[in-house]
Every structure is written in C-alpha cells, then in structure tokens.
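Student: Provided below for reference: sequence and predicted model.
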Amino acid sequence: MTQPSLTIGITTYNRRDVLETVARSLAQVDGLAQARLWIVDDCSQEFDAAFLRALFPQAEVFRASENSGGADFAMHRLFDRFVQHGEGYLLNLDADLLASRHLVTKCRQIIELDQRADRPGLYSLFNTASHPALAADGEFLLKRSVGAAGTLWPRALLAEVLQNVPASNKYDWDWSAYLGRRGVPIRVTRRSYVQHLGRVGQNSRSFAGMDHGEHFDDYRNDNLASFLDHTREGLLKMIADQQARIDNQAKAIEQISRVVQGQAQLIHALIGSVPEQTIAH
C-alpha cells in the first residue's frame, strides 16, 4: 500500500533574517523532496512572493492579498487550504523553527504508525515543558494540549477541527480542548525534531518564556551556529529590556520623590503662614 503523502506547511510574516535561517535549516533535511512544501505568506511588507520562491525553490508559494490579523488566523488559512487542496498529512511549521535533518523520516515513521493505530490522533514533533505530559504512550507522551508548531495532522482530523472550531487568537488552545472532549489522543515525540530560534514573535512575548524543544535531535553544523547566534541576540534583547524597565522604575521613583518633596514644602509653607495663636487655639 502506498504511504499517504506529506505536506509541510509554513506560514510567514516578515522577519526576513529569521526566515533565511529557517530556509537553510530546512534545506538540509533528509528526504525533503519526498514532501510537498507550502509557504503561505500573510501579506508581508519586508519581502514579496518572488523572494519566497527564491528562498524556498521547492515550495509552492501562496501570498495573501491582505493580512489575516495574526498568527492564529494565518494558521487557520493554512489548515483550510490543506483541507481544500491537500491530501494525506500536514506538518505545520512556524517560520522561526530549526528543523532536524531527520524531520521527514520521523514524520514518515509516525504516519505509518498512525495508519495502524487503534486510535489515530494528532501528533507533535515539538516537545515543550509549557505543555506538560499526562502519561506515556509507548514511544510518545500524551498531552492535554500542544501549540500548533510541529503538529502533524491527518487530513480527516483537520477537516473535522475546521468544521467545529472557529478561528480565534487562541486557536491552538481551542482545538486542543476540542480534541480532548472528543477523546482524540495528542501524542508528542519525546525528542523534539524542530527547535525554536531565540527570538520573540507574536506567541513568544519574552525570550525567557519562549517554548523550547526538549532534547532537540539535531544541533549539528548550521543548526547549532544559528541557534547560538539567535539565542545570543535574544539574551541581549532580554537584558536591554530589563535594563529599560529598571531605568523607567528609577525615573518613576525620582518623580514621586520630587512630588513628595514639593508637597512637604507646601505643607511647611502653609503651616508657617498661620499665626501661632491660631494654631494654639
């Protein structure tokens, strides 16, 4: 029996330098030519479709005429396009993820397992501590929720989610909850086959709170250099932001101190202008 096809979908919006790093990482993935690659751009201002086609020469590029309103809505666009025009399985990647060279190989293994499973489900190749494990399930961990990055979807399950879970700015939490209510297992690989770069995006408000892939499978060569470079920049930004907060707090304390001193001087002046007999009375 022929194995179902695999589509890798990446939603993009600006962040040109990060995207260039991601393209270099993805290009070294073993067996990448065996998968379809879709780039769904959310009307970026920093580059056009021609840039994306040059950066991802294997990909089909789809560029929206207007911005969706945020990363979750761009994700919904990708999901809808896959259900309408794709087949097999969709691997959803963010535009700030490094890829293990074993990413496609692992997806193929998971697809084969899912085809034989008693309870097919959703899979994720991005194991993060922010979504704790509930239990073990063979080589996988079972979780109540996962973020969208690194998720591997059978088309039928994705079609069901699109029909029952409306797009929102917390879309991955919504469809995770829906899958939980339906009893659909969310299985996560113990090793991560994608890794977040050390930058801040819409769903990573701070470097310290950024999702980090546990036991990332491939810190070799360009992946390691890219991760270290972007982590360094993220740390420097975090330090600069912290210093700015400290400076702002110092300025606020200084302003409050001047106000208190001014009020004290005014009270002293008022008391000094009142005749002593009035105070005594």
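Tutor: Arrived safely. Because the structure is a prediction, the values reported are computed rather than measured.
Student: So what touches stretch 157-170?
Tutor: For stretch 157-170, the external contacting residues (Cβ atoms under 8 Å, 6 or more residues apart in numbering) are 70, 72-73, 76, 79-80, 82-83, 90, 120-122, 171, 174-175, 178-179, 184. Placement of C-beta: from N, CA and C, glycine included.
Student: buried stuff in stretch 94-102?
Tutor: Using 16 or more other Cβ atoms under 10 Å as the test for burial, stretch 94-102 gives 94, 95, 96, 97, 98, 99, 100, 101, 102.
Student: Around the residue lying closest to the last one once chain neighbours are set aside, how many other residues sit close by?
Tutor: Which is residue 102. Excluding its sequence neighbours, the residue lying closest to residue 102 (Cβ to Cβ, 6 or more residues apart in numbering) is residue 217, at 5.8 Å. By the criterion of other Cβ atoms under 10 Å, residue 217 has 20 neighbours.
Student: quick thing: my sequence starts at 327, can you match it?
Tutor: That works, and once the first residue is 327, the last one we named lands at residue 543.
Student: check contacts around residue 543.
Tutor: So residue 543 contacts 426, 428, 432, 517, 518, 519 (Cβ under 8 Å, 6+ apart).
Student: out of the contacts of stretch 483-496, which are inside helices?
Tutor: 398, 399, 402, 405, 406, 408, 409, 497, 500, 501, 504, 505 (DSSP state H).
Student: how close does residue 482 get to residue 333?
Tutor: In this structure, residue 482 and residue 333 are 14 Å apart, going by Cβ to Cβ, to the nearest Å.
Student: The two - which one has more neighbours?
Tutor: residue 333 (22 against 9).
Student: three-state assignment of that one?
Tutor: Classification of residue 333 using DSSP: H, G, I helix; E, B strand; the rest coil returns strand.
Student: which stretches of the stretch 327-476 of the chain aren't confidently modelled?
Tutor: For the stretch 327-476 of the chain, the stretches flagged by pLDDT under 70 are 327.
Student: run the last query once more with 50
Tutor: Applying pLDDT under 50 to the stretch 327-476 of the chain flags no residue at all.
Student: Out of the buried residues of stretch 420-428, which two sit at the greatest distance?
Tutor: 421 and 428 (20.6 Å; Cβ to Cβ).
Student: Nothing else from me, thank you.
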